[in-house]
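Asks: Show me how the following folds:
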Amino acid sequence: MTVPALTDIDDESLWTVKDVARLLKASSSWVYKNAERGQIPCVHIGALLRFDPAAIRAWLASKSAGKALTESANQSVEVVSAQAYRGGKG
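Replies: Have a look, this model is predicted:
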């Protein structure tokens, strides 16, 4: 079974759970669970769960930016901790 490329997902229409799962390389159940928790932006159309491609990409970019900020903060903490250990001498 071959998985279609991400470029095969239509940006003009709302995405399905399978589309988002393929983009995130996650299971459909993970997407359902996190969408229902409000952790992934989604649109409820009756019993259907759909996703706006622009909202998903923005959400993903914000997650990536948050991770970069966290990693940067962690590096700063390590440097400060090392300086404190040496008696504050850099």
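Asks: Do a quick rundown of the helices in this protein.
Replies: Along the chain, the segments classed as helices by DSSP state H run 17-24, 28-36, 53-85.
Asks: least reliable of these going by mean pLDDT?
Replies: Lowest mean pLDDT within the helices of the chain: helix 53-85, at a mean of 67.
Asks: how close does Thr16 sit to Ser64?
Replies: 23 Å (C-beta to C-beta, to the nearest Å). Bear in mind the C-beta positions are built from the backbone N, C-alpha and C, glycine included.
Asks: Of these two, which one has the most company?
Replies: Thr16 (16 against 10; other C-beta atoms under 10 Å).
Asks: Thought Pro53 was touching the more buried one, still the case?
Replies: No. Between Thr16 and Pro53 there is no contact under C-beta atoms under 8 Å: 11.2 Å.
Asks: what are the bridge partners for the closest residue to Thr16 other than its chain neighbours, then?
Replies: Spatially, and ignoring its direct neighbours in sequence, Thr16 is nearest to Arg50 (6.7 Å; C-beta to C-beta, 6 or more residues apart in numbering). Going by DSSP bridges, Arg50 is paired in beta bridges with Val43.
Asks: for Arg50, what are its contacts?
Replies: 14-16, 42-44 (C-beta atoms under 8 Å, 6 or more residues apart in numbering).
Asks: Relative to Ser28, how far out is it?
Replies: With C-beta to C-beta as the criterion, Arg50 and Ser28 are 14 Å apart.
Asks: Just the buried ones from the contacts of Arg50?
Replies: 14-16, 42 (16 or more other C-beta atoms under 10 Å).
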